[in-house]
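Visitor: quick one, what's the 3D model for this:
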Amino acid sequence: MIIKFKDITSKNKSETGGKGYNLGILFNSGFNVPDGFVITANSVINKSAEEEILHTFDMLFPQADVLPQVAVRSSSVLEDQQNFSAAGQYQSFIYVERNKLIQKIKECQNSYNNPTVKAYLGTDNPPHIAVVVQKMIKAEIFGVTFTENPLNNSAQELVVEAIFGDGELLVSGEKTPANYVLNKQNLNIIAEVNPEYEAHKGAHMRETVKSAAPEFIKIQVLFGRPMDIEWAYANKTLYILQARPVTTIV
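Guide: This is a model prediction of the structure:
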């Protein structure tokens, strides 16, 4: 029913889905992943399950001075495979508080049955999905990194898009990201397109991207393939939010 990140292994990959499994591997390999848990695929959320979920949620926030909020996201057994991606096809929610947690989990869980998902997958019987519940990070900088350049297929280049603020601002198109291409050998920025940031903000963004680059390369080494990584920077700390195989390299 519930599998904490620390307990995720290859033995429960089919239950935790692509996103949940990758987060567990990252968490247990020492990367700075915000803690969380997975409600496994095919789980039935009854009264007993609701109590277990809320108890596990409470355990994520032992400090009373921390506002307890989480992200609730899908984790399909089909999602994020190397030759297939269902990214963006299911419901996801951010800044979810305790009193809305069960509702949002059920909405995310039931989104496997949406007509758009069926059309995307080409089936009237899509598989059930697992649900990831992860501590929310309020990002100072949010970014997406491709560990190989999807535009020219160069294995020697990292490509980064980043904005100041939360990831939803990038996904929704409300903010135009800065774009960087880095040489993976020396981590120099070899191309960039910046919005009209003030000079000190542009410098801070470049410094953050360069300092984070070694972690991105380590993640590719861990999984043994090009990866698409979502990350956040807050309180002088890099957080890895998720990582999936790149599906656009041809």
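Visitor: would you mind splitting this structure into its domains for me?
Guide: 2-135, 141-245 (automatic domain parsing).
Visitor: can you give me the end-to-end distance of the shortest one?
Guide: Using CA to CA, to the nearest Å, one end of domain 141-245 lies 22 Å from the other.
Visitor: a strand runs through residue 74, doesn't it?
Guide: Yes. Assessed by DSSP: H, G, I helix; E, B strand; the rest coil, residue 74 belongs to a strand.
Visitor: what pLDDT is listed against it?
Guide: Per-residue pLDDT puts residue 74 at 89.
Visitor: how close does it get to residue 53?
Guide: Going from residue 74 to residue 53 by CB to CB, to the nearest Å gives 16 Å. In short, each C-beta sits where N, CA and C put it, glycine included.
Visitor: can you give me the mean pLDDT across the lengthiest helix in the chain?
Guide: Secondary structure assigned by DSSP state H gives helix 199-223 as the longest helix of the chain. For helix 199-223, mean pLDDT rounds to 93.
Visitor: stretch 194-201: end-to-end distance?
Guide: Its start and end residues considered, stretch 194-201 measures 10 Å (CA to CA).
Visitor: got the contact list for it?
Guide: With CB atoms under 8 Å, 6 or more residues apart in numbering as the test, stretch 194-201 has contacts from 164, 175-179, 202, 205.
Visitor: ok, and the most crowded of these?
Guide: Highest neighbour count within those, by other CB atoms under 10 Å: residue 205, with 24 neighbours.
Visitor: so it sits against residue 141, correct?
Guide: Yes. With contacts counted by CB atoms under 8 Å, residue 205 reaches residue 141, the gap being 6.6 Å.
Visitor: what do these two both touch?
Guide: 162, 164.
Visitor: strands along this structure, start to end?
Guide: 2-4, 36-39, 69-75, 93-97, 130-135, 141-146, 157-164, 178-183, 189-193, 227-234, 237-245 (DSSP state E).
Visitor: ranking helices and strands of this protein by mean pLDDT, which lands last?
Guide: Ranked by mean pLDDT, DSSP states H and E, the weakest helix or strand in the chain is helix 115-121, scoring a mean of 53.
Visitor: okay, now the unreliable bits of the chain?
Guide: For the chain, residues meeting the criterion pLDDT under 70 lie at 64-65, 78-89, 112-127, 196, 199, 248-250.
Visitor: one more pass at 90, please.
Guide: Residue ranges of the chain with pLDDT under 90: 1, 10-14, 41-44, 62-67, 74-92, 108-129, 151, 166-176, 193-203, 246-250.
Visitor: from residue 247, how far out is the nearest residue to residue 213 once chain neighbours are set aside?
Guide: Spatially, and ignoring its direct neighbours in sequence, residue 213 is nearest to residue 187 (4.9 Å; CB to CB, 6 or more residues apart in numbering). Taking CB to CB as the measure, residue 187 falls 25 Å from residue 247.
Visitor: next: residue 173.
Guide: Residue 173 is 21 Å from residue 247, where distance means CB to CB.
Visitor: ok, residue 221 next?
Guide: According to CB to CB, residue 221 stands 19 Å off from residue 247.
Visitor: between these two, which is the more surrounded one?
Guide: Set residue 221 next to residue 247 and count neighbours by other CB under 10 Å: residue 247 wins out with 17 against 11.
Visitor: what about residue 49, how many neighbours?
Guide: The number of residues packed around residue 49, counting by other CB under 10 Å, is 16.
Visitor: check whether it really touches residue 43, as I assumed.
Guide: Yes. With contact defined as CB under 8 Å, residue 49 counts as touching residue 43 (6.8 Å).
Visitor: which neighbours do these two share?
Guide: Counting by CB under 8 Å, 6+ apart, the residues touching both residue 49 and residue 43 are residue 1.
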